[in-house]
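S.K.: here are the coordinates; sequence isn't available:
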Ligand SMILES: Cc1ncc(COP(=O)(O)O)c(C=O)c1O
Ligand SMILES: Nc1c(O)cccc1C(=O)C[C@H](N)C(=O)O
């Protein structure tokens, strides 16, 4: 990995203390946790117990968030009453037609956006396409290139390359930390991941955005691994365009629709490359000539995926009375504590954290490099600790403050210590989830 470790925990893990005082510390931390009550808003296994392997610890909310309790009843009502009884009337009477903007306004405070700047619909990949092509169309005439985060999740790179081909620009991969030095007056925009999906590294959104603006380029952020895990501050940092999924820390469910943020002052100039009838100023005019809607609705394309969209809306109720700042505080405490438990339980030299120790650079996951990581994750899952594996050698553990407890973190580290301690005996199974 290209990451340079920056913490004691990353350079050599201490000998297993065997000390169960970490378990008592976890109990104390859980007792003092102001977000402990939100765990009941989710469907999860019973509290973890070292003596039995029955209950699982779910540390994969950075891939698929757990099911919020409010979702099943709401979806049942949408199906039985809104669809089953009201049928077509629900487009207006049940608020289906305006759901993309309404749900966008519910996500907005979590990513630091005022109302009217976020629209929900389509996948992350599709919204990346809208953002990148829309951004290039707003960039200066002499621009010849798009910068792409060299460590990006692959879909962003694929989409950026295709968008560049269509708009006649080149794509240049650049490490996020180098963007301020590499941006030039020929750069139309940079597409950057806020949190790196493999390492959990948090990129400097305010600094990179400022550097891009200073060179006259636009900043386009992928928030998949930060939205719902930490404050993003889109409006405060003058981000131009942003995109994110809702199935990770926002718990919207498998395939839940993504969202697009467009800075208010750019909305009038935003020309969607996918101008479907739902983004028309008067969709039911059925006008052959396209005229974009005012405001964020011009980020829409076609008919919204109502069942998933309304499941997401219900999922967002899990945030009632919760501030994103409180979530960030707990996220850092959880990842600190997990790293400490890993240091205590994992035999020296068996694993190395590639997640930055510095709070300013850390998202809400811990990634550990170790040999035979696929087999290790298979064994962890068999023993009830669900994280995931990314090739070739990364174990990922995601921490969702709304439902992850300190006891979860301690148990996961304990089981990891046992599995890595017995590494020669680990079977030669196949790769873990999502490899
Ligand atoms: C950073 C990032 N971008 C995009 C995606 C996926 O895009 P889509 O929702 O279109 O599958 C993911 C995860 O799947 C991701 O981690
Ligand atoms: N979107 C996913 C899916 O449809 C299936 C399995 C995993 C995913 C993921 O979200 C992967 C995730 N973005 C990652 O960080 O690796």
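M.R.: That came in fine, so what should we check first? Since the model is a prediction, treat every value here as computed from it, not as a measurement. Ligands and ions are numbered 1, 2, ... in the order given.
S.K.: so residue 220 is in which element?
M.R.: Following DSSP states H and E, one finds residue 220 within strand 218-222.
S.K.: do residue 417 as well
M.R.: helix 406-421.
S.K.: just the buried residues of that helix, please?
M.R.: Within helix 406-421, the residues scored as buried using 16 or more other CB atoms under 10 Å are 406-417, 419-420. (C-beta placed from N, C-alpha, C; glycine too.)
S.K.: retrieve the pLDDT associated with residue 45.
M.R.: pLDDT, residue 45: 86.
S.K.: show me the contacts for the residue of the stretch 201-350 of the chain found nearest ligand 2.
M.R.: Nearest residue of the stretch 201-350 of the chain to ligand 2: residue 224, at 6.0 Å (CB to the nearest ligand atom). Neighbouring residues of residue 224 by CB atoms under 8 Å, 6 or more residues apart in numbering: 124, 153, 193, 195, 197, 244, 245, 248.
S.K.: filter the residues you listed by proximity to ligand 1?
M.R.: Restricting the contacts of residue 224 to those adjacent to ligand 1 (criterion: CB under 6 Å from any ligand atom) gives 124, 153, 193, 197, 245.
S.K.: show the average pLDDT along stretch 388-406.
M.R.: Computed over stretch 388-406, the mean pLDDT rounds to 97.
S.K.: so is that stretch next to ligand 1?
M.R.: No. If you take CB under 6 Å from any ligand atom as the test, stretch 388-406 misses ligand 1, and the best it gets is 10.5 Å.
S.K.: buried ones in that stretch?
M.R.: 388-390, 393-406.
S.K.: also stretch 93-102?
M.R.: So stretch 93-102, judged by 16+ other CB under 10 Å, has buried residues 94, 96, 97, 99, 100, 101, 102.
S.K.: mind checking how far that stretch is from the chain centre?
M.R.: 24 Å (CA atoms, centre = their mean, to the nearest Å).
S.K.: mind naming the longest helix for the chain?
M.R.: If you go by DSSP state H, the chain has its longest helix at helix 324-345.
S.K.: what's the first helix or strand after that one?
M.R.: Toward the C-terminus, helix 324-345 is succeeded by strand 352-353 as the next helix or strand (DSSP H and E).
S.K.: what helices or strands is the following helix or strand past that following strand leaning on?
M.R.: The helix or strand immediately downstream of strand 352-353 is strand 365-369, counting by DSSP H and E. With contacts taken as 3 or more CB pairs under 8 Å, 6 or more residues apart in numbering; DSSP states H and E, strand 365-369 sits against helix 324-345, strand 352-353, strand 394-398.
S.K.: what does the lengthiest strand in the chain rub up against?
M.R.: Longest strand in the chain, counting residues (DSSP state E): strand 187-193. With CB under 8 Å, 6+ apart as the test, strand 187-193 has contacts from 128, 131-132, 135-136, 139-140, 143-149, 151-153, 156, 160, 169, 174, 176, 179, 183, 203, 205, 208, 212, 215-222, 224-225, 240-241.
S.K.: one more pass at 7 Å, please.
M.R.: Strand 187-193 is contacted from outside by 132, 135-136, 139, 143, 145-149, 152-153, 156, 160, 169, 176, 179, 183, 203, 208, 212, 215, 217-222, using CB atoms under 7 Å, 6 or more residues apart in numbering.
S.K.: and the residues you listed, which of them are in helices?
M.R.: Residues from these lying in helices, with DSSP H as the criterion: 132, 135, 136, 156, 160, 179, 208, 212.
S.K.: residues contacting the first one?
M.R.: Spelled out, it's residue 132. Per CB under 7 Å, 6+ apart, neighbours of residue 132: 146, 159, 160, 163, 191, 220.
S.K.: drop anything exposed from the contacts of residue 224.
M.R.: Applying 16+ other CB under 10 Å to the contacts of residue 224, the neighbour count classes 124, 153, 193, 195, 197, 244, 245, 248 as buried.
S.K.: farthest pair within the residues you listed?
M.R.: Based on CB to CB, the longest span within these runs between 124 and 195 and measures 13.8 Å.
S.K.: and the ones in helices among the contacts of strand 187-193 as CSV, adding pLDDT and distance to ligand 2?
M.R.: As requested, the ones in helices among the contacts of strand 187-193 are exported to CSV (pLDDT from 0 to 100; distance: CB to the nearest ligand atom, whole Å):
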residue, pLDDT, distance to ligand 2
132, 98, 18
135, 98, 22
136, 98, 25
156, 98, 11
160, 98, 17
179, 98, 21
208, 98, 20
212, 98, 24
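S.K.: most surrounded residue in those?
M.R.: residue 132 (31 neighbours; other CB atoms under 10 Å).
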